[in-house]
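*Asks:* coords below, sequence missing:
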């Protein structure tokens, strides 16, 4: 049967008011519209629901049965729909976000602080993980969504570009390359390099930038965290290539690398899976903040 909620609501209003005009007023509809709904409902059911006279509208036996049954069902349905609608406006709860370490330190703190100020009852639980674990967490549904670096296009994820983060040289102030305003990639030939290992989403992009210029990388150390990398650079063990969103301590300096090479910072979620309204709030704030001018 092709019966609509509008028809059932119109029927219930007429049955309770026993008057088409009053029923129409209670529904904020015109009287012809209510009459049409009732006529369509009766045609669909193949039975008369009301006996009509010039003075009153009285439910038939079938109409009284339908009124008693459908009233309870519609009340329950209204409650269900109201609950679902309230979920869309709810600002209380916890959102789980997986993020690679360089973004956990460079992008997520601002988002967490912004959401705390806007939505005090919303909690963001940050999962600070290597790129491979971020992808696994999103894939397995352990988090609502992830913030990652240029993941492979496997078709498993819905991906949205947040921003492009350029790579920079990191070295000590007394290093010869620190004297340059901009450092060509070819100047890295023969230099002792300290790079993040392959658990980082950035490493393969750095390797690709070096290989495309036929630069033989002299990698003396590989680390799992940028803090370790920076400490090694401070100790004079070499220089590093790092994303601009991962600024080193003030004891070190950065120089733009030319021509510019960047990494894509993206939001990822399971493919064709809708985010909860709360998770969508955080996703939207990251989108806005990533395009906001620096303060």
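*Replies:* Alright, I've got the coordinates. Quick caveat: nothing in here was measured; it's all calculated off a predicted structure. Numbers count the residues shown, from 1 in each chain.

*Asks:* could you point out the longest helix in this structure?
*Replies:* Identified as the longest helix of the chain according to DSSP state H is helix 61-89.

*Asks:* in it, what counts as buried?
*Replies:* 63, 66-67, 70 (16 or more other C-beta atoms under 10 Å). (C-beta placed from N, C-alpha, C; glycine too.)

*Asks:* I'd like to know the phi and psi angles of residue 243, please.
*Replies:* Here the main-chain torsion angles of residue 243 (degrees, to the nearest 10) amount to phi -70, psi 150.

*Asks:* From residue 136, how far out is it?
*Replies:* Going from residue 243 to residue 136 by C-beta to C-beta, to the nearest Å gives 22 Å.

*Asks:* more crowded one of these two?
*Replies:* Neighbours were counted for residue 243 and for residue 136 using other C-beta atoms under 10 Å; residue 243 has more, 25 against 15.

*Asks:* what's the weakest-modelled helix or strand in this structure?
*Replies:* Using mean pLDDT, DSSP states H and E, the weakest-scoring helix or strand in the chain turns out to be helix 61-89, at a mean of 76.

*Asks:* And the helix or strand following that one, what does it pack against?
*Replies:* Following helix 61-89 in sequence order, the next helix or strand is strand 93-99 (DSSP states H and E). Using 3 or more C-beta pairs under 8 Å, 6 or more residues apart in numbering; DSSP states H and E as the contact test, the elements touching strand 93-99 are strand 122-128, helix 131-139, strand 145-149, helix 277-290.

*Asks:* do you know which of those lies nearest residue 7?
*Replies:* Proximity to residue 7 (C-beta to C-beta) singles out helix 277-290 among these, at 30.3 Å.

*Asks:* Would you mind listing the buried residues in the closest one?
*Replies:* Neighbour-count burial for helix 277-290, counted by 16+ other C-beta under 10 Å, picks out 278-283, 285-286, 289-290.

*Asks:* Then stretch 28-36?
*Replies:* Across stretch 28-36, burial judged by 16+ other C-beta under 10 Å covers 29, 34-35.

*Asks:* for the helices and strands packed on strand 93-99, which one sits closest to residue 259?
*Replies:* Residue 259 lies closest, by C-beta to C-beta, to one member of these: strand 145-149, at 19.8 Å.

*Asks:* Report the strands that pair with that closest one, each with its relative direction.
*Replies:* strand 93-99 (parallel), strand 262-270 (antiparallel) (DSSP bridges).
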